[in-house]
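A.B. asks: The sequence and its predicted three-dimensional model are supplied below.
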Amino acid sequence: MTFFTPDKTLNSLGNQILATTWAEFPELARNQCALTLLVYDTPVVVKKEAITFPWEFWQHPIKGFAYRGNEVIYPASVVKLFYLVAIHQWLATGRVKPSTELNRAMTDMIVDSSNDATSLVMDMLTDTTSGPELDSQALETWKHKRNAINRYFQGLGWEEFNQINVNQKTWCDGYYGRERQFVGENWQNRNRLTTNAVARLFHTIIIEMAVSVERSQQMMGLLNRSITRKIEQEQEENQVTGFLGESLPKNTKLWSKAGWTSQVRHDAAYIETPNLPPFLLVVFTEGRNNSQNKRILPFISQLVLKMLGFN
C-alpha cells in the first residue's frame with residue numbers, strides 16, 4: 001500500500017504520458033524508466049503565504065500514479081535529498097554540532113550537487129572517514145557506523161524505505177580503499193532508491209514535516225531552482241537544463257534535486273505553475289544512451305503540464 005491514493009483518471013493520464021514518451025523515444029526500454037507523480041489538487045482555493053501551502057491544504061488526500069515505483073535503481077545524486085534530511089535530524093537532536101563548514105557543505109551538496117561537499121556531510125552523519133583498506137574487525141565497526149543513516153530511515157517504519165540503501169558516498173571517479181571494500185566486489189552495496197521512496201521523502205519536506213517546519217523550509221530554500229536563469233547557465237551541471245525544469249514556463253516555481261552519471265539520468269521536482277494544481281514528479285531513467293539524452297526528462301514534465309491543463 002502506497003502513501004498516496006491511486007486515482008483512475010490520473011492512472012489513465014499517466015499511462016498516456018508513458019506511451020507518448022516511448023513513442024517519442026523508442027530507445028527508452030520499458031524497464032529503463034520509473035516514474036512517480038503526485039498531484040496536489042483541492043476544491044478549496046487556498047492563498048499561499050509562504051514556501052508551501054498552509055497546513056489545511058495538505059490534509060486533502062494525495063492523488064498519485066506510479067510506474068515501476070518500487071523498482072530499486074541506482075539514484076546517483078538524488079540520494080543527497082536523503083542526506084539533507086538526515087543531517088537536519090542530527091542537528092536538531094544535537095547529534096551533530098552546527099558549524100560554518102557543515103553549513104557550506106550542506107548548501108553545496110544540494111545547490112551545486114557537489115560530491116566533495118557530500119563526503120563531509122556523510123562523514124559527519126556516520127562518524128566515518130574514507131581512507132586506506134581496513135582489516136576485517138575494523139571494517140565491521142566502520143560498516144556499522146556508516147549504516148547509521150540506513151537505520152534512521154528504516155526506523156521511520158515507512159514501507160517505501162524497506163528496500164532502499166543510502167550508505168554510500170557519491171563519487172566522480174569511483175570507490176577506493178575502505179569505500180571499495182564496503183561497496184562490495186560486485187558493487188552489491190551501492191546506493192538503491194525507488195521513485196516512490198524519493199517521492200515520500202520529498203513530500204514530507206513539502207508539507208513541512210521533515211524534522212520540523214523551520215528545517216523543512218530551510219531544505220526547500222536549498223532545493224529552489226531558478227527557471228528564468230536556466231538559459232544563462234552554460235555549465236553542464238545546473239540541474240535544470242536537461243532535467244524536468246527545462247521545459248517549464250518562466251512563471252513556474254521549481255524545487256528539485258537531479259542526479260546523473262554515464263548510466264542514469266534522474267530528477268525529482270516539486271512544481272507550481274499558476275492556475276494549475278502543484279505536483280511532485282520523480283523520474284528515473286537508465287541506460288547509457290538515455291543518460292546522455294537531455295530531451296527525455298523535459299519532454300515528460302511538459303506532458304504532465306499539458307495533462308493538468310496547461311495551454
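C.D. replies: It's in.
A.B. asks: Just to be sure, Leu37 is in a strand?
C.D. replies: Yes. Under DSSP: H, G, I helix; E, B strand; the rest coil, Leu37 sits within a strand.
A.B. asks: Check the spacing between it and Asn15 real quick.
C.D. replies: Using C-beta to C-beta, to the nearest Å, Leu37 is found at 11 Å from Asn15. For glycine as for every other residue, the C-beta is placed from the backbone atoms N, C-alpha and C.
A.B. asks: Those two: which is more packed in?
C.D. replies: Leu37 (25 against 12; other C-beta atoms under 10 Å).
A.B. asks: Burial check on the residue lying closest to the more buried one once chain neighbours are set aside, number of neighbours?
C.D. replies: With sequence-adjacent residues excluded and distances taken as C-beta to C-beta, 6 or more residues apart in numbering, Leu37 is closest to Phe65, at 4.8 Å. When neighbours are counted by other C-beta under 10 Å, Phe65 registers 22.
A.B. asks: before we move on, what about Ala92?
C.D. replies: Ala92: 13 neighbours (other C-beta under 10 Å).
A.B. asks: For it, which non-adjacent residue is closest in space?
C.D. replies: In space, and not counting its chain neighbours, Ala92 is closest to Val211: 5.3 Å by C-beta to C-beta, 6+ apart.
A.B. asks: So which residues of the stretch 1-150 of the chain form strands?
C.D. replies: Taking DSSP state E, counting those that start in this stretch as the test, the strands found in the stretch 1-150 of the chain are 5-6, 33-39, 63-67.
A.B. asks: Of all those strands, which one comes closest to Val282?
C.D. replies: Of all those, strand 33-39 sits nearest to Val282, with 4.6 Å by C-beta to C-beta.
A.B. asks: Neighbouring strands - and their directions - for the closest one?
C.D. replies: Strand 33-39 has the following sheet partners, assigned by DSSP bridges: strand 63-67 (antiparallel), strand 279-286 (antiparallel).
A.B. asks: right, so the ones you listed: which one is the most enclosed?
C.D. replies: Comparing the strands paired with strand 33-39 by mean neighbour count (mean count of other C-beta atoms under 10 Å), strand 279-286 ranks first with a mean of 25.
A.B. asks: Please identify which of the strands paired with strand 33-39 is closest to Glu133.
C.D. replies: Evaluated over the strands paired with strand 33-39, closeness to Glu133 peaks at strand 279-286, with 30.5 Å, by C-beta to C-beta.
A.B. asks: Strands of the stretch 201-311 of the chain, start to end?
C.D. replies: Ranges of strands within the stretch 201-311 of the chain are 224-225, 253-260, 264-272, 279-286, based on DSSP E, counting those that start in this stretch.
A.B. asks: Export the ones you listed as TSV, with columns for mean pLDDT.
C.D. replies: Formatted as TSV, those follow (pLDDT from 0 to 100):
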stretch	mean pLDDT
strand 224-225	96
strand 253-260	97
strand 264-272	97
strand 279-286	98
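A.B. asks: rewinding a little: now do the same contact list for the residue nearest to Leu37.
C.D. replies: 6-7, 10-11, 13-14, 35-37 (C-beta atoms under 8 Å, 6 or more residues apart in numbering).
A.B. asks: Closest to His203 out of these?
C.D. replies: Thr36 (9.9 Å).
A.B. asks: how many neighbours does that closest one have?
C.D. replies: Neighbour tally, Thr36, other C-beta under 10 Å: 30.
A.B. asks: quick one on the thing from earlier: neighbours of the residue nearest to Ala92, just the number please.
C.D. replies: Counted with other C-beta under 10 Å, residues neighbouring Val211 total 22.
A.B. asks: same question, Ser77
C.D. replies: Neighbourhood size, Ser77 [other C-beta under 10 Å]: 24.
A.B. asks: pLDDT weak spots in the stretch 101-250 of the chain?
C.D. replies: 229-237 (pLDDT under 70).
A.B. asks: which residues in it form helices?
C.D. replies: In the stretch 101-250 of the chain, the helices defined using DSSP state H, counting those that start in this stretch lie at 115-126, 136-146, 148-154, 178-183, 195-206, 213-223.
A.B. asks: out of those helices, which comes closest to Ser77?
C.D. replies: helix 115-126 (7.7 Å).
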